[in-house]
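Asks: Need a 3D model of the sequence below.
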Amino acid sequence: MCTVVIRVPESPDDATRLLAIRDEDPERPWNPLGPWWPEAHDGVVGVRDVRAGGAWLAADPGSRRLAVLLNRADASSRPESELVSRGGIVLDAVAGRSPAGEPPTHGFNLVEVDSFGARVLTWDGENLRTTELAPGTHMIAHDDVDDAGTPRIARWLGDFRAAQPTADRAWWMPWVEVLRRSAELEPTDDRAIIRDNRPHGYPTLSLLACVASVSADGVDVHYGELAEPGHWGGLHLA
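Replies: Have a look, this model is predicted:
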């Protein structure tokens, strides 16, 4: 039940800004932002899932592409033996190979960003569709883009839209301030962004965040972990 906030600029000359918060089982190991695929994906950096080898978020500065994956429920009747990890989709996306047809995975929302714009590819186990993101600020979680039926989007999208990224290097600080305020809610609250999903039947908590800027000049990504899963204690993005 990850969360992504993304601001698409009015002008293609400006950068697309993205904040992604990862919810995952703390017992599932990961590698922080780094070049974990030097042979198959030279130059790509990302957050690597140790168990399956794929990525939650990845970026290729050379091609100015970034992708991040959010899980969503699906209606697929395929047996687990026919399904593969969703993490490979992220690495394919930054290599320029978007999902097509009927992906052999559980459902997902895949956010793709390049120097030309941004889109969300949604797979629900039956249909794969693409939503091109219009200029402005959007939120994505486990359902559709800007879904008013998702409590955290209904509560916080307006705040993120009002929080203008700054012009300096740490442009993300107004969004981090929204995160801080959102964490005044209990992490089990449906409206929370920093989350403890265990009461909802999932073994996942908010663990880390990345911010990224994508433009014709390149890709700039920063990474930070929460000191305690599912709880706010500040967020240093380096």
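Asks: Determine how far the lengthiest strand in the chain lies from the middle of the whole chain.
Replies: In the chain, with assignment by DSSP state E, the single longest strand is strand 205-215. Relative to the centre of its chain, strand 205-215 is centred 7 Å away, using C-alpha atoms, centre = their mean, to the nearest Å.
Asks: One more: stretch 36-51?
Replies: Distance, stretch centre to chain centre, for stretch 36-51: 17 Å (C-alpha atoms, centre = their mean).
Asks: Which other helices and strands does the longest strand of the chain contact?
Replies: Contact analysis of strand 205-215 by 3 or more C-beta pairs under 8 Å, 6 or more residues apart in numbering; DSSP states H and E lists strand 16-24, strand 30-34, strand 55-60, strand 65-71, strand 108-114, strand 218-225 as its packing neighbours. The C-beta positions use only the backbone N, C-alpha and C, and glycine is treated the same way.
Asks: so how far is residue 158 from residue 102?
Replies: Distance from residue 102 to residue 158, counting by C-beta to C-beta, to the nearest Å: 36 Å.
Asks: Now do the contacts for residue 94.
Replies: Residues in contact with residue 94 (C-beta atoms under 8 Å, 6 or more residues apart in numbering) are 41, 44, 46, 58-60, 63, 65-67.
Asks: Sorry, slip of the keys, the one I care about is residue 53.
Replies: 85, 87.
Asks: mind running it again at 10 Å?
Replies: Residue 53 is in contact with 36-37, 40, 85, 87-88, 91, counting by C-beta atoms under 10 Å, 6 or more residues apart in numbering.
Asks: now swap in residue 93 and tell me
Replies: Shown in contact with residue 93 (C-beta under 10 Å, 6+ apart): 55, 58, 60, 65-69, 99, 110-114, 121.
Asks: List the buried residues in the longest helix seen in the chain.
Replies: For the chain, the longest helix by residue count, based on DSSP state H, is helix 151-162. Of the residues in helix 151-162, 152-153, 155-157, 159-160 count as buried by neighbour count, 16 or more other C-beta atoms under 10 Å.
Asks: Now do stretch 43-62: distance to the chain's middle.
Replies: Distance, centroid of stretch 43-62 to centroid of chain: 12 Å (C-alpha atoms, centre = their mean).
Asks: no, scratch that, I was asking about stretch 214-223
Replies: The answer for stretch 214-223 is 15 Å, by C-alpha atoms, centre = their mean.
Asks: Number the chain from 420, please
Replies: All set: I'll call the first residue 420, so the last point we hit is now stretch 633-642.
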